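Asks: sequence first, predicted model second:
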Protein chains: 4
Amino acid sequence: MPSTTMPMLETYPKSINLDRAKLAATIDALNDCAQACTACADACLSEDMVAELTKCIRTDLDCADICTTTARVLSRHTGYDANLSRSLLEACATACKSCGDECARHADMHEHCRVCADACRACERACRDLLATMS
Amino acid sequence: MPSTTMPMLETYPKSINLDRAKLAATIDALNDCAQACTACADACLSEDMVAELTKCIRTDLDCADICTTTARVLSRHTGYDANLSRSLLEACATACKSCGDECARHADMHEHCRVCADACRACERACRDLLATMS
Amino acid sequence: MPSTTMPMLETYPKSINLDRAKLAATIDALNDCAQACTACADACLSEDMVAELTKCIRTDLDCADICTTTARVLSRHTGYDANLSRSLLEACATACKSCGDECARHADMHEHCRVCADACRACERACRDLLATMS
Amino acid sequence: MPSTTMPMLETYPKSINLDRAKLAATIDALNDCAQACTACADACLSEDMVAELTKCIRTDLDCADICTTTARVLSRHTGYDANLSRSLLEACATACKSCGDECARHADMHEHCRVCADACRACERACRDLLATMS
């Protein structure tokens, strides 16, 4: 099932100040990363060695919240505010970097951390790519 | 880009009390519907006839919030509580039905309402399908 | 600092189908419970015996998400849908009951679970009180 | 009913790298601002002149999402990451400034915009105060 992000963007009745394909790719990466982080936090909670994964759970929770909020803000074009989008994308890239780094430390041991680290890396890249077009 | 929902579910270290394929499909439908509703609310805001779309915006906002929360709850398996999942899925199906009905009323006029109504219908169906397996 | 919930309700330009004082009290209880659950989940994560608190963390996360969403839906009056409010309030009362019960099991040992259990009980009561006026 | 933010902070079992009173005040201001913005967006939707308030609705929705997420991140202390808190607080202060400015433009006409502008100003100030202690 392909995501409805791009079809919805195409129906927006006014102009959009950003490249629509890049924007849709970023929103999809954000939603995907939020989903991976929510699932990774719960998978960590179910590991016997959860005591060694508490920082990972915390960065997962932060990253999920920030990615969901960033996807929502980027999905709104009415009264567009480049300043806010830029500032939030920077915070989001920081969250993805932290969470990707933390998950990567556990990737050899826990497959969910490996998949989640990949989603965080892809999302960080998408945020930075979009930021680069907003100068 | 395929979603990470199913790959993440496959890495969960303990057993899951639900059919994994059906669960993943429901989570994907929820995230997709949340994204469509967030975008539809904003597209409605940008229409010249926004005054006739205020109820649609409201149901979009509710549906987006409820779908995002339901996707999160369904993504957690530690200390699974069938009672809560069931109750929330019922509220979510109600939200998707309301929003799908409201968007369908504007679908001829506004393409974003047509795409969003489809996402709501698909999500309502997925919630009810999953509920049917939880009896 | 008193909450702005009641002052904001008083500025709503159209009629509201519910008792405003009861509605404001419920929204405040929901936001308070969401805050307590988010903090309790993190406090549990920092306990040395986190392995015994994983179910509590999970119910905290669910309850925080559901209370935040319920507060948002109850804060919207445009195109009011009693059916959806009722269904969501029932799911929310279920989440508060689960989380209150789970936190109460750890209340002797962990002060954060005691405070959080109280917030969950108060919120469950507020949801049920409001539901009782919606028959 | 006083908020449970400070009582919960006092039960946190490890050390916290920030001034607890200032932190609690910021979290309360964030939750209050999120509530005001959610209610203001809906009140705007119910105004007959909604067509002139679409930018206000949009900044309200953004500000509510960002404040809720910032309150959650600031409520977590396990594996504290000053870098992320700082970056998110800056994005949040930007959102509160935008929303406060936009609501202030309608404050003479709409009481909900006046109350919401005050909540945004208070929240922006709290975010900047906390940022000033994090250098």
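Replies: On my side now, so go ahead.

Asks: excluding chain neighbours, what is closest to the residue most central in space within chain A?
Replies: Nearest to the geometric centre of chain A sits A:Leu30, at 3.1 Å (Cα atoms, centre = their mean). Spatial nearest neighbour of A:Leu30, excluding adjacent residues (Cβ to Cβ, 6 or more residues apart in numbering or on different chains): A:Ala71 at 3.9 Å. Backbone N, C-alpha and C define where each C-beta goes, glycine included.

Asks: quick one: the one you found and A:Asn31 touch, right?
Replies: Yes - counting by Cβ atoms under 8 Å, A:Asn31 is a contact partner of A:Ala71 at 5.3 Å.

Asks: joint contacts of the two?
Replies: Overlap of the contact sets of A:Ala71 and A:Asn31 (by Cβ atoms under 8 Å, 6 or more residues apart in numbering or on different chains) consists of B:Gln35.

Asks: Three-state assignment for A:Ser3, please.
Replies: When classified by DSSP: H, G, I helix; E, B strand; the rest coil, A:Ser3 comes out as coil.

Asks: what's the burial count for it?
Replies: Counted with other Cβ atoms under 10 Å in any protein chain shown, the neighbours of A:Ser3 add up to 20.

Asks: can you tell me the SS state at A:Arg119?
Replies: Slight slip there: residue A:119 is Ala, not Arg. helix.

Asks: quick check: it vs A:Cys99, distance?
Replies: According to Cβ to Cβ, to the nearest Å, A:Ala119 stands 9 Å off from A:Cys99.

Asks: neighbour count for those two, which is higher?
Replies: A:Cys99 (35 against 29).

Asks: what helix or strand is the more buried one located in?
Replies: Assigning secondary structure by DSSP states H and E places A:Cys99 in helix A:82-105.

Asks: what's the answer for A:Lys14, then?
Replies: Using DSSP H and E, no helix or strand contains A:Lys14.

Asks: wait, isn't it in contact with A:His77?
Replies: Yes - with contact defined as Cβ under 8 Å, A:Lys14 and A:His77 form a contacting pair (6.8 Å).

Asks: now for the two: what residues contact both?
Replies: Shared contacts of A:Lys14 and A:His77, defined by Cβ under 8 Å, 6+ apart, comprise B:Ser46.

Asks: ok, those two, which is more surrounded?
Replies: Between A:Lys14 and A:His77, A:His77 has the larger neighbour count (other Cβ under 10 Å), namely 21 against 12.

Asks: just checking, that one touches A:Pro13?
Replies: No - with contact defined as Cβ under 8 Å, A:His77 does not count as touching A:Pro13 (9.6 Å).

Asks: wait, A:Cys87 touches D:Leu88, no?
Replies: Careful, residue A:87 is Ser and not Cys. No - using Cβ under 8 Å, A:Ser87 makes no contact with D:Leu88, being 9.4 Å away.

Asks: dump the residue contacts of the residue located most distally from the centre of chain A.
Replies: Distance from the centre of chain A peaks at A:Asp48, with 27.4 Å (Cα atoms, centre = their mean). Residues near A:Asp48 by Cβ under 8 Å, 6+ apart: C:Ala51.

Asks: got phi/psi on it?
Replies: With angles defined as degrees, to the nearest 10, A:Asp48 sits at phi -60, psi -30.

Asks: what residues of the helix or strand hosting A:Cys37 count as buried?
Replies: Element membership for A:Cys37, per DSSP H and E: helix A:20-45. Buried positions in helix A:20-45, judged by neighbour count with 16 or more other Cβ atoms under 10 Å in any protein chain shown: A:23-45.

Asks: low pLDDT regions in chain A?
Replies: Where chain A drops to pLDDT under 70, the residues are A:1.
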